[in-house]
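Colleague: Give me a 3D structure for the following:
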Amino acid sequence: MAEAYLIGRETRVLLRHYLEQGIAKSELARKLGLSRRTIHHLIATGQLERDLDQNPVQYTPRPAVAGKLEPFKPIIRARLEIYPELSGVRLYEEVKAAGYTGGYGQVKRFVATIRPAAAPEPVVRFETEPGKQAQVDFARFQLPWGVRYALVVVLGYSRLLWLRFYARQDMATLVRGLEECFAALAGVPHELLFDQMRAVVTKDLRLSGGGLLHNLEFLRFAHHWNFTPRVCRPYRAQTKGKVERPIRYVRENFIYGREFLGDADLNDQAIRWLERTANVRLHQTIQERPQDRFDRNERTLLRPLASRPYHSLLLKPEPARASNTAPSSPLVVVEKRSLAEYARLAGGAQ
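Modeller: Model (predicted):
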């Protein structure tokens, strides 16, 4: 029954459907152009009972049509091998000059499929040796009794955090705060890495610019304490952040949701927070407690303290500022005397 093997899938589907509807085989033979013998053969051999969906329709692939870009693809490939970042517009101009008459869209789509993938930039964490470096910056906080500035110092190796709050952000405050930090650490890092801090420099010494590294007063201070001042490079998330992240940490974990009675209470709570929370937590980057890492590997590698505080002939001491709670005035007892008594004491009366 050669005819049975030539019947297509669509015809067999129709035949099975009509038979299920009860149409006579002779009528189906006329409707579908088949002989009754072929229909009986298909039924007897079970060809109409199998799941016809198991044999999906096979389509003949459409013959490839060479596009306008096809002759110029080798040019694009060769150019990208030498210059992987060459833009699609530039490549379009080059193949167009070579005779390509198609549009830019074809070039753009083809370039997207063959352009070499750029190697991911390696993440280099900005790590330093023990005792070598600390990062320094100011952070501004609005408190109920006024603006206060937190001087934040982070040791690069151990991530040990130090901070104090001050009423001003100027050179005198920076000098005073760093000396307090050195005393708390019982040593001096070899390098201090600063942000530009131009406002700190220009506010006191009226410099036109240049930052801390061009401030002779600060360079004398650095020489006195035997550290090298450096300025941060432009911000990169992989190589900087030891100060930026701790400032946010101070803002969210210490300042937020707490109440303070004044400047003294603010700094007292800050010291307790450093001792009980910030420096004894498990640091997610180093997977250690900063205090443990500092005590074990970094403390003894700091440079020794200067023999005396820094004395400046230019910087004025910080003026006394009223706090949020006015101190009680001391009681002064004035002894009252008669005018004759004053005259006698002055030698003008007998």
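Colleague: Now do the helices in the protein.
Modeller: Along the chain, counting by DSSP state H, helices occupy 2-5, 9-20, 25-32, 36-44, 73-82, 88-97, 104-114, 171-185, 198-205, 216-225, 244-249, 263-273, 290-293, 339-345.
Colleague: Looking at those helices, spot the one closest to residue 141.
Modeller: Nearest to residue 141, of all those, is helix 263-273, at 9.0 Å by C-beta to C-beta. For glycine as for every other residue, the C-beta is placed from the backbone atoms N, C-alpha and C.
Colleague: Show the contacting residues for residue 301.
Modeller: For residue 301, the contacting residues are 129, 130, 131, 132, taking C-beta atoms under 8 Å, 6 or more residues apart in numbering as the criterion.
Colleague: For the residue lying closest to the second one once chain neighbours are set aside, give me its contacts.
Modeller: In space, not counting the residues next to it along the chain, residue 130 is nearest to residue 298; the distance is 4.1 Å by C-beta to C-beta, 6 or more residues apart in numbering. Contacts for residue 298 (C-beta under 8 Å, 6+ apart) come out as 130, 131, 155, 157, 158, 160.
Colleague: Nearest to residue 227, out of those residues: which one, please.
Modeller: Nearest to residue 227 among these is residue 131, at 10.9 Å by C-beta to C-beta.
Colleague: give me the number of residues near the closest one?
Modeller: Residues contacting residue 131 under the criterion other C-beta atoms under 10 Å number 24.
Colleague: where does this structure have its least confident helix or strand?
Modeller: Of all the helices and strands that make up the chain, helix 198-205 has the lowest average by mean pLDDT, DSSP states H and E, namely a mean of 45.
Colleague: sorry, back to before: can you say which of the helices of the chain is nearest to residue 302?
Modeller: Residue 302 sits nearest to helix 171-185 of all the helices of the chain, at 6.2 Å, using C-beta to C-beta.
Colleague: Can you check the pLDDT for residue 232?
Modeller: You'll see residue 232 listed with a pLDDT of 68.
Colleague: Walk me through the domains of this protein.
Modeller: When the chain is parsed with automatic domain parsing, its domains come out as 2-54, 70-114, 133-301.
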